[in-house]
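A.B. asks: this one's structure only:
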């Protein structure tokens with residue numbers, strides 16, 4: 001199954017939305033558009049990938065070759081960018097597609 005941002009399950013590969021209009025409210029009549037979020041950095045995408053997989057901060061750090069503190073810092077950046085306070089809210093916002101990820 002592919003989610004709102006192009007998340008591919010079970011691998012959960014992150015990619016940019018197929019259509020820019022998909023999240024802007026374009027073609028949805030009177031529905032309010034989702035707020036636009038800043039694009040995610042590659043590191044933020046990697047940490048978000050770990051969150052999707054249910055990994056702990058320490059496990060994400062081991063996988064990425066960074067400290068647990070670096071993962072926590074990146075999560076805080078993600079929380080600020082997405083205007084959420086918890087990991088579950090972060091996942092919800094990501095799946096709703098209210099922010100874009102840069103293409104490689």
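C.D. replies: Sure, I can see it. Nothing here was measured: the structure is a model prediction, and the numbers come from that model. Numbering: from 1, shown residues only.

A.B. asks: for the rest of this, base every contact and every neighbour count on C-alpha atoms.
C.D. replies: Will do.

A.B. asks: report the next helix or strand after the helix ranked longest in the chain in sequence order.
C.D. replies: Counting residues, the longest helix in the chain under DSSP state H turns out to be helix 68-82. Downstream of helix 68-82, the next assigned helix or strand under DSSP states H and E is helix 87-96.

A.B. asks: which elements pack onto that next one?
C.D. replies: If you count contacts as 3 or more C-alpha pairs under 8 Å, 6 or more residues apart in numbering; DSSP states H and E, helix 87-96 packs onto helix 42-52, helix 68-82.

A.B. asks: for the last one, buried residues please.
C.D. replies: Meaning helix 68-82. Residues 68, 70, 71, 72, 74, 75, 76, 78, 79, 82 are the ones in helix 68-82 that count as buried (16 or more other C-alpha atoms under 10 Å).

A.B. asks: for the first one, same thing?
C.D. replies: Taking 16+ other C-alpha under 10 Å as the basis for neighbour counts, the residues of helix 42-52 that come out buried are 44, 45, 46, 47, 48, 49, 50, 51, 52.

A.B. asks: pipe those into JSON lines and attach distance to residue 93 and pLDDT per row.
C.D. replies: Shown next, in JSON lines, are these (distance: C-alpha to C-alpha, whole Å; pLDDT from 0 to 100):
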{"residue": "44", "distance to residue 93": "14", "pLDDT": "96"}
{"residue": "45", "distance to residue 93": "13", "pLDDT": "95"}
{"residue": "46", "distance to residue 93": "16", "pLDDT": "97"}
{"residue": "47", "distance to residue 93": "15", "pLDDT": "97"}
{"residue": "48", "distance to residue 93": "11", "pLDDT": "95"}
{"residue": "49", "distance to residue 93": "14", "pLDDT": "95"}
{"residue": "50", "distance to residue 93": "15", "pLDDT": "96"}
{"residue": "51", "distance to residue 93": "13", "pLDDT": "96"}
{"residue": "52", "distance to residue 93": "12", "pLDDT": "93"}
